[in-house]
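Peer 1: Next input, structure requested:
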Amino acid sequence: MVGQPEKPVRVLLIDDDAHLRMVIAQEIMNDRRTMVVGQAGNLKDARKAIRQNDFDVMLLDLNLGDGDGLELIDVMKSQHPHAEAIVVSVMETEEQVLRAFELGATGYLVKNSWFGNYPQAVLQVANGGASITPSLARRLLQRYDKKPASDPQVSLSTTDRLSSRESEVLRMVAGGYTSVEIGVQLQISTMTVNTHIKNIYRKLQVRSRAQAVRFASLRGWF
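Peer 2: Have a look, this model is predicted:
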């Protein structure tokens, strides 16, 4: 499992609120499995931090003082393709959430409801899962269900690529269940759930839960 005291998950923290940044950084550093390797408070410093630091997960506020933090997801993916991005915002408008996941984010957290759980979110995405509230997952699925089934992105013959267990996990992901909840329901470990999710990403050639749900719903798999 990624994230052990001897080799913690490295986190880059970007937020223009210095106080909140300090609170989140302290939470992460208090867990021996996670550590902060860099911080930034605006777009300019964030680009430099992305370039200068090696990290596994980027915690990103969208509303930075000098611009929209969404563009940093693309910057991160181009320079650190294996890193994961978790958006941390005081808002969760559907358009923002949708855009963040389409750009490759793996999580979307609402600041005021997530204090005390940032290390958990970091460890979850580092191990192939995602940090997204069930209500957001369901809203995304409803949004994707409105897309036409003839979407050219799903023209590949991939129906048989997923195992029965992977299909079951994907259906639960679409229902908004977290990796922990899926593990409890299926009586398997969270690590096994995250392994299935990683395999689903690889087989469907997607980078996030939202993209996997969209792919499956457009194929009419559930």
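Peer 1: Under the pLDDT cut-off, which ranges of the chain? List them.
Peer 2: 91-94, 112-116, 130, 133-160, 210, 217-222 (pLDDT under 70).
Peer 1: At which residues are the strands of it located?
Peer 2: Secondary structure of the chain (DSSP state E): strands located at 9-14, 34-40, 57-60, 63-64, 67-68, 84-89, 107-110, 131-132.
Peer 1: Could you list every helix and strand in contact with the third one?
Peer 2: Other elements packing on strand 57-60 under the criterion 3 or more C-beta pairs under 8 Å, 6 or more residues apart in numbering; DSSP states H and E are strand 9-14, helix 71-79, strand 84-89, helix 118-126. Using the backbone N, CA and C atoms, a C-beta is placed for each residue, glycine as well.
Peer 1: how about a markdown table for the ones you listed, with distance to residue 170 and mean neighbour count added?
Peer 2: Output for those, formatted as a markdown table (distance: least, C-beta to C-beta, whole Å; neighbours: other C-beta atoms under 10 Å):
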| stretch | distance to residue 170 | mean neighbour count |
| --- | --- | --- |
| strand 9-14 | 25 | 25 |
| helix 71-79 | 23 | 17 |
| strand 84-89 | 19 | 26 |
| helix 118-126 | 17 | 24 |
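Peer 1: Neighbours of the closest residue to residue 8 other than its chain neighbours, how many?
Peer 2: Sequence neighbours aside, residue 35 is the residue nearest to residue 8 in space, at 4.4 Å (criterion: C-beta to C-beta, 6 or more residues apart in numbering). Neighbour count for residue 35, taken as other C-beta atoms under 10 Å: 19.
Peer 1: show me the contacts for residue 35.
Peer 2: 8-11, 28-29 (C-beta atoms under 8 Å, 6 or more residues apart in numbering).
Peer 1: Quick check: phi and psi at the residue nearest to the spatial centre of the chain.
Peer 2: Geometric centre of the chain, nearest residue: residue 106, 1.4 Å, by C-alpha atoms, centre = their mean. In terms of degrees, to the nearest 10, the main-chain angles of residue 106 are phi -110, psi -10.
Peer 1: Would you mind measuring from it to residue 73?
Peer 2: To residue 73, residue 106 is 10 Å away according to C-beta to C-beta, to the nearest Å.
Peer 1: you'd agree residue 204 is up against residue 215?
Peer 2: Yes. Look at residue 204 against residue 215 with C-beta atoms under 8 Å: they come within range, at 5.1 Å.
Peer 1: starting at the chain centroid, how far to stretch 19-33?
Peer 2: A distance of 19 Å separates the centroid of the chain from that of stretch 19-33, by C-alpha atoms, centre = their mean, to the nearest Å.
Peer 1: got the contact list for the residue nearest to the centre of the chain?
Peer 2: Going by C-beta under 8 Å, 6+ apart, residue 106 touches 84-86, 125, 130-131, 207-209.
Peer 1: Noted, bye for now.
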